[in-house]
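1. Mind looking at a prediction? Sequence and model below.
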Amino acid sequence: MPPPTYVFRYGHRANRDHRISTHVGLVARAFGAFGMYYCGDRDEKLEEKIKDVVERWGGSFEVYYVKSWKSFVEKWRGKVVHLTMYGIPLPDVIDKIRRLKKPILVFVGGQKVPGEIYELADYNVSVTLQPHSEVAALAVFLDRLYKGKMLKKAHFENAKIRIIPQEKGKKIVVTK
Ligand SMILES: C[S@@+](CC[C@H](N)C(=O)[O-])C[C@H]1O[C@@H](n2cnc3c(N)ncnc32)[C@H](O)[C@@H]1O
C-alpha cells in the first residue's frame, strides 16, 4: 500500500479557478487522497463545496488553506511529487513512488508554477509530454499510484449516500 497522499493546488484564483479547483479536490478525494491544501486566494465557497460532498458521500477528506506554498513545501515531512509535462514520464517512476514510506504531497499548478518547485520537488513527473489539465494529470497519477483500486470502491466510511452500480439507470442508497 502506498503512503498517505495529499494534494497541493497552487495559485487558486477565486474568480477564475473556482470550478477547476473544486474538481481538483473532488478528484483527489475520489481517487484516494487524504486531503487537499491550496494557496492563492482563500475561497470559502470552494471549501464549503468539498465539505458538503464529504458530508454526504463520506470519508474524512479535508481542505486546508496555506498562505505560503514555499515554506509549506519546504517543511513537508514526506516526499513531494510535482506533476508537470516537463517531468519524467509516469511509467518510469511510479513503482519507486509507490514504494515510498513517507506521506506524498502531489503538487499541481493552474496558473504558471514558480520555477523553484522543480528543485524543491523530489520527483517531477509527467502524465504525457503534452500540455493538458491538472485535473486529468492528478486523476491518472492517483489511479496509477493506487493501481486502480479506487475505481470499484463503492462506499466511504460514514457515507449518507452510495451508489449501487447499474447497467442502466441510477440506483442510490440513502442512509439517514
Ligand atoms: C493548465 S496546466 C498549465 C500551467 C501553465 N500554463 C504553465 O505553464 O505551468 C496546469 C497544471 O496542469 C498540470 N499538467 C498539465 N499538463 C501536464 C502533463 N502533461 N503532465 C503532468 N502535469 C500536467 C501541471 O500541474 C500544471 O501546472
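-> Looks like it came in fine.
2. Which residues are in contact with the residue nearest the centre of the chain?
-> Nearest to the mean C-alpha position of the chain, by Cα atoms, centre = their mean, lies A28 at 3.1 Å. By Cβ atoms under 8 Å, 6 or more residues apart in numbering, the contact set of A28 is 7, 35-36, 61, 106, 138, 142. From N, CA and C alone the C-beta is placed, and that goes for glycine too.
3. let's go with 7 Å and repeat that
-> Shown in contact with A28 (Cβ atoms under 7 Å, 6 or more residues apart in numbering): 7, 36, 138.
4. the strands in the protein, which residues?
-> Listed in chain order, the strands of the chain (DSSP state E) span 5-12, 35-40, 62-65, 79-89, 104-108, 123-126, 161-163, 172-174.
5. need those strands in CSV with mean neighbour count and mean pLDDT, can you?
-> CSV is the format used below for the strands of the chain (neighbours: other Cβ atoms under 10 Å; pLDDT from 0 to 100):
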stretch, mean neighbour count, mean pLDDT
strand 5-12, 23, 98
strand 35-40, 21, 98
strand 62-65, 16, 98
strand 79-89, 18, 98
strand 104-108, 25, 98
strand 123-126, 21, 98
strand 161-163, 14, 94
strand 172-174, 10, 94
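6. Any chance of those in JSON lines with distance to K153 as columns?
-> Formatted as JSON lines, those follow (distance: least, Cβ to Cβ, whole Å):
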{"stretch": "strand 5-12", "distance to K153": "15"}
{"stretch": "strand 35-40", "distance to K153": "17"}
{"stretch": "strand 62-65", "distance to K153": "18"}
{"stretch": "strand 79-89", "distance to K153": "22"}
{"stretch": "strand 104-108", "distance to K153": "19"}
{"stretch": "strand 123-126", "distance to K153": "24"}
{"stretch": "strand 161-163", "distance to K153": "10"}
{"stretch": "strand 172-174", "distance to K153": "15"}
